[in-house]
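Student: prediction below, plus the sequence it came from.
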Amino acid sequence: MKYILQIAAHLTIGGAEKVARDIGMYANPEEYEIHYVIFDDDIGDYGKDVISKGCKIFKLREPSENYSEFFKKLKEIMSIYPYDAVHAHTMFSIGWVMLAAKQMIIPVRVSHAHSALINGKSLMKSIYESVMRCLILAYSTDLVACGEKAGQRLYGKRAYKKRGKLILNGVNTEEYRFSEEKRYIIRNQLNLQNNFVLGHTGRLADIKNQSFLIELMPDLLKKRNDAKLILLGDGDDREMLEEKVNTLNLKDNVIFAGSVCNVQDYLSAMDVFVFPSLYEGMPLSILEVQANGLPCVISDTVPPDVFLTDLIHPLSLNDSKDKWIEAIISVKRNTSKDYPQELKDAGFDTQTAMEKVYRIYEN
């Protein structure tokens, strides 16, 4: 039996969080015992999933609240079980994790890059990231990334080229296969039987740019007066977005569905997926959408690594509203193609990704 500690920050619904969750869900319980450290009082939906599989969850405060206290508590957790591997998903705070794991003589120390996002950086933040990158490169045994840009962001181009391991984010392709039955159920529940349904999944946050999508709706409704928008997910911007919906008199046209566990059912209910993100690393949602066979109009900030099918229609955020609207109303589902199989053939199924992770733990 190998003991594996995942440092996941959160186990609420999200991309990096799902990868951490899947490691616990797909692990053979006769070979691995998976534990988690999160920086959240709420274990989240994914936390409930992994607990159901026999995983343990430890809670710590955010590292930034008190770095020395975080480091001390983390080492205390690492001393409870004879961990064979530590696998961290928390971007630059991974440096603290790798240093602690090295001091606790844990043999396999995995850093995992999930985002290529570059926020505006102060001098202090730049120094912090440089120090953390040094710790990551010095003490990690494995540098993993979900995409080339994410790996270069966390480890630096030179280090990633030399030591990086690409493990593509995966989805359960069959789980996301289009279902006429699920489409009927969700559209009935939401009273959308005869509507043209746009959809979006993701945290309600500036970077996801749901404001842009809402602002498209008044002009889109002039061309498709039956249009409805479903926003799946929650976040800090929810109140602001709801106010924008009210200001634009769109209350009857925009549905805030919140965080849901059956995303695949909602995807089947949609006619087009719209994803105007300002920046992305390796968005799992775009893989899920393609497995569902749902046409997707996205910003060209999304890495082309996920352009796996003919469902993807990228546009610049500088393009006119009319161009976005024309793309949204012109795309159509093609139910004759086996999109789940296309993703599986490209190596983007969860089982393939998890097998690569477990092989690292065996080093």
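Tutor: Yep, it's here. Computed from a predicted model, the values in this text were never measured in an experiment. Numbering: from 1, shown residues only.
Student: show residues contacting the strand or helix carrying residue 340.
Tutor: Assessed by DSSP states H and E, residue 340 sits inside helix 339-345. For helix 339-345, the surrounding residues in contact (CB atoms under 8 Å, 6 or more residues apart in numbering) are 171, 173-174, 176-178, 287, 290-293, 308-309, 311, 349, 352. C-betas here are computed from N, CA, C, even on glycine.
Student: try stretch 229-247
Tutor: Stretch 229-247 has contacts (CB under 8 Å, 6+ apart) with 13, 190, 197-206, 208, 210-211, 213-215, 217, 250-251, 253-260, 263, 266, 269-270.
Student: make it 7 Å
Tutor: For stretch 229-247, the surrounding residues in contact (CB atoms under 7 Å, 6 or more residues apart in numbering) are 197-206, 210-211, 213-214, 217, 251, 253-260, 263, 266, 270.
Student: quick check on these: which are buried?
Tutor: Judged by neighbour count, with 16 or more other CB atoms under 10 Å as the criterion, the buried members of the contacts of stretch 229-247 are 197-205, 210, 213-214, 217, 253-257, 259-260, 263, 266, 270.
Student: the longest helix seen in the chain packs against which elements?
Tutor: Taking residue count as the measure and DSSP state H as the definition, the longest helix of the chain comes out as helix 123-139. In this structure, helix 123-139 packs against helix 94-103, helix 148-155, with contacts taken as 3 or more CB pairs under 7 Å, 6 or more residues apart in numbering; DSSP states H and E.
Student: again, only this time at 10 Å
Tutor: Applying 3 or more CB pairs under 10 Å, 6 or more residues apart in numbering; DSSP states H and E, one finds that helix 123-139 contacts helix 94-103, strand 108-113, helix 148-155, helix 157-163.
Student: so how far is the helix or strand following the last one from its chain's centroid?
Tutor: On the C-terminal side of helix 157-163, the nearest following helix or strand under DSSP H and E is strand 164-166. For strand 164-166, the distance between its averaged C-alpha position and the chain's averaged C-alpha position is 18 Å (CA atoms, centre = their mean, to the nearest Å).
Student: and strand 164-166, what's buried?
Tutor: Across strand 164-166, burial judged by 16+ other CB under 10 Å covers residue 164.
Student: which other helices and strands contact the helix or strand where residue 37 lies?
Tutor: Mapping residue 37 onto the secondary structure by DSSP H and E places it in strand 32-38. Judged by 3+ CB pairs under 10 Å, 6+ apart, strand 32-38 is in contact with strand 2-9, helix 15-26, helix 44-52, strand 56-59, helix 67-78, strand 85-88, helix 350-361.
Student: give me whichever of those is most buried.
Tutor: By mean neighbour count, with neighbours taken as mean count of other CB atoms under 10 Å, strand 85-88 ranks first of those at a mean of 27.
Student: mind giving me the packing neighbours of that one?
Tutor: Helices and strands touching strand 85-88, as assessed by 3+ CB pairs under 10 Å, 6+ apart, comprise strand 2-9, helix 15-26, strand 32-38, helix 94-103, strand 108-113, strand 142-145, helix 350-361.
Student: try 7 Å this time
Tutor: Partner elements for strand 85-88 (3+ CB pairs under 7 Å, 6+ apart): strand 2-9, helix 94-103, strand 108-113.
Student: reformat the ones you listed as TSV; add distance to residue 50 and mean pLDDT.
Tutor: Listed next are the helices and strands packed on strand 85-88 as TSV, based on distance: least, CB to CB, whole Å; pLDDT from 0 to 100:
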stretch	distance to residue 50	mean pLDDT
strand 2-9	9	96
helix 94-103	19	98
strand 108-113	16	97
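Student: can you lay out those as CSV showing distance to residue 127?
Tutor: Conversion of those to CSV gives the following (distance: least, CB to CB, whole Å):
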stretch, distance to residue 127
strand 2-9, 22
helix 94-103, 12
strand 108-113, 19
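Student: re earlier: residue 30: which of the helices and strands packed on helix 123-139 is closest?
Tutor: Taking CB to CB as the measure, the helices and strands packed on helix 123-139 were each checked against residue 30, and strand 108-113 came out nearest at 19.1 Å.
Student: output the closest one as CSV, restricted to C-alpha atoms.
Tutor: Below are the C-alpha coordinates for strand 108-113, written out as CSV (Å, rounded to 0.1, in the frame of the first residue of the first chain):
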residue,chain,number,x,y,z
VAL,A,108,8.3,11.2,-4.7
ARG,A,109,7.5,15.0,-4.9
VAL,A,110,5.3,16.0,-7.7
SER,A,111,4.6,19.6,-8.8
HIS,A,112,1.6,20.0,-11.1
ALA,A,113,1.1,23.2,-13.2
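Student: close enough to count as contact, residue 201 and residue 263?
Tutor: Yes: in this structure residue 201 lies within contact range of residue 263 using CB atoms under 7 Å: 6.0 Å.
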